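A.B. asks: Structure for the following, please:
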Amino acid sequence: MKVVILGAGRRGIRLARHLVEENKDVIIIDEDAEDVNTAMAKVDCLAIKGSGTSLEDLSDAGIDDADAFVALTGSDETNLVSSGIASSEFKVPLTIASIRNLSYTGYSGIGNSMMGITHIVNPTQEVAQYIYQDVERGIYSDIISFENSSLLLYNVYVEKGSPYADKIVKDLRKELNANFIIAALSRDGEALVPSGDTVVRPGDTLSLVAQEESVKKLLSSVGRKSMRAKHIAIVGASQVADFLLRAIPKYQHKDITLIDKDKDVCEHMATVYPDVLVLNADITNEAVFEEEGLGAYDLMLCLTSNDELNIITASYAKHFGIKNSLALVSHNPNYIRMADHLDIDNIISTQDVTVDSLMRYMHGKNVSSTHSLFDGQIEALEFTIAEGNPIIGRALKDIDMRGKGIIAGVTKKDGSTLIPGGLYVIEHGDALITVIERKSTDFIQRLLYVGSFVDKKD
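C.D. replies: Alright, predicted model coming up:
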């Protein structure tokens, strides 16, 4: 598979890194020579200086025989025009454009109708939807949901004395009396798909796939409980907050307080969301917490455009008495590592959420969810078994993944879910949750016939 990425920013580089790790042929194009050099230093791929709206530059970047084109510059107009050119002039089968401006898309998006572009991705909307799902789950840190399944993936850190510590993977389900599977393990910065004989050590981080009720039981075993937030404070009347409020049912708006220091923005939001309490205040003023009684709130969502302010506010909120807090980072995803040390329940990266969304489209139309784990070393895919897939009728024990991946969950056509054993036989319409070592994604995709997108070279 050959992919041309327009834009050598953080998103473009992260997407390129994921694709290169999956053995895809990647070319990055950008007008800034310094960004081009940075991209080549960070990713093992070709990067060239050029314009996304120049037919000559696009041709020089190898778009003539590309399988996919992804436009990720900071300009919506450039992304739209370049993707349109890739589709109409070069007949690229898959074109994806990142568009933020609502004047182009509206709140409901524009589907696939504009300029022949296959997919439009609004990073702001993707992040707002992710936060909404996180709130609905009860603000667990590092719990991931899937589009077509009620199964959840939860990352748990194994401390000394934990019921997981020094136990063999295949024995843990029986000992904890819960239905789950350990799909991935990270130890000393290295991630892998464990075998049944792998011994869990203190300091490991485990990725568990389970049904929601089992997740609650597993969390309880390590002293954690979910909290369904009723009273919510949102700091920052940003576009993310706007999308989030549109996703939250109106009957819940009366329990939400929105705080922003811009008076004009507050007046606008108060008009659009009359049931939300909108406060024109500076959250860095400690008196705001006391005067508005914020310490009694269940949850604070810090959604300003300032990463540092979001981190500091989310951390302070916990110390002030707010039960749970979440911080959004748009510029420096490295802050995610600080969550546990700062007592923040969840830190969400705009960049990571956007790239996961892009990867979902890159994997083909039958892939409904894609999530990166452990700094991109592991990928969790949810995909549906289409009619004619050669693995239909095969038992899991007969599919040799060489220890590089595992089918961790199944959702049947009737909506029922299960954690499959080796005797489970794959059926048409099954939605499989597959956890894969990133470097082996290409092998597993071919083994399981994931996606409908076939390399032109094959």
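A.B. asks: Need the pLDDT of residue 373.
C.D. replies: Turning to residue 373, the model gives it a pLDDT of 91.
A.B. asks: what about it, neighbour count?
C.D. replies: Residue 373 has 21 neighbouring residues, counting by other Cβ atoms under 10 Å. (Glycine included, C-beta is placed from N, CA and C.)
A.B. asks: Equivalent analysis for residue 204, please.
C.D. replies: 21.
A.B. asks: So that it lines up with my notes, have the first residue be 154 from now on.
C.D. replies: In the new count, where the first residue is 154, that last one comes out as residue 357.
A.B. asks: Wait, it touches residue 311, no?
C.D. replies: Yes: in terms of Cβ atoms under 8 Å, residue 357 counts as a neighbour of residue 311; the distance is 4.6 Å.
A.B. asks: which residues of the stretch 404-553 of the chain score low on pLDDT?
C.D. replies: Residue ranges of the stretch 404-553 of the chain with pLDDT under 70: 492-493.
A.B. asks: Sketch out the strands for it, chain order is fine.
C.D. replies: With DSSP state E, counting those that start in this stretch applied, the stretch 404-553 of the chain shows strands at 409-413, 430-433, 452-455, 477-482, 499-502, 520-526, 531-537, listed in chain order.
A.B. asks: now do the stretch 254-403 of the chain
C.D. replies: Listed in chain order, the strands of the stretch 254-403 of the chain (DSSP E, counting those that start in this stretch) span 272-274, 296-299, 302-310, 333-340, 343-345, 358-363, 385-388.
A.B. asks: Apart from its neighbours in sequence, what residue is nearest residue 593?
C.D. replies: What sits nearest to residue 593 in space, not counting adjacent residues and going by Cβ to Cβ, 6 or more residues apart in numbering, is residue 557, at 3.6 Å.
A.B. asks: now do residue 277
C.D. replies: The shortest distance from residue 277 to any non-neighbouring residue, by Cβ to Cβ, 6+ apart, is to residue 392 (4.8 Å).
A.B. asks: pLDDT at the one you found, what is it?
C.D. replies: pLDDT, the model's per-residue confidence, is 94 for residue 392.
A.B. asks: do the same with the one 3 residues further on
C.D. replies: pLDDT, the model's per-residue confidence, is 96 for residue 395.
A.B. asks: picking up where we left off before, tell me, what's touching residue 357 and residue 311 both at once?
C.D. replies: Each of residue 317 lies in contact with both residue 357 and residue 311 under the rule Cβ atoms under 8 Å, 6 or more residues apart in numbering.
A.B. asks: I'd say the residue nearest to residue 593 and residue 590 touch.
C.D. replies: Yes: with contact taken as Cβ under 8 Å, residue 557 and residue 590 are classed as touching, separated by 5.0 Å.
A.B. asks: Of these two, which one has the most company?
C.D. replies: Set side by side, residue 557 and residue 590 show more neighbours around residue 590, with 23 against 17, by other Cβ under 10 Å.
A.B. asks: need the contact list for the more buried one.
C.D. replies: Residue 590 touches 344, 345, 346, 530, 531, 557, 558, counting by Cβ under 8 Å, 6+ apart.
A.B. asks: Return the set of residues that bridge with the residue nearest to the third one when sequence neighbours are not counted.
C.D. replies: Closest residue to residue 346 apart from its sequence neighbours, by Cβ to Cβ, 6+ apart: residue 559 at 5.3 Å. According to DSSP bridges, residue 588 are recorded as the beta-bridge partners of residue 559.
A.B. asks: What count of nearby residues applies to residue 559?
C.D. replies: Every residue meeting other Cβ under 10 Å relative to residue 559 is counted, giving 23.
A.B. asks: for the one 3 residues further on, same thing?
C.D. replies: When neighbours are counted by other Cβ under 10 Å, residue 562 registers 28.
A.B. asks: quick check, it in a helix?
C.D. replies: No: inclusion of residue 562 in a helix is not indicated when DSSP: H, G, I helix; E, B strand; the rest coil is applied; the result is strand.
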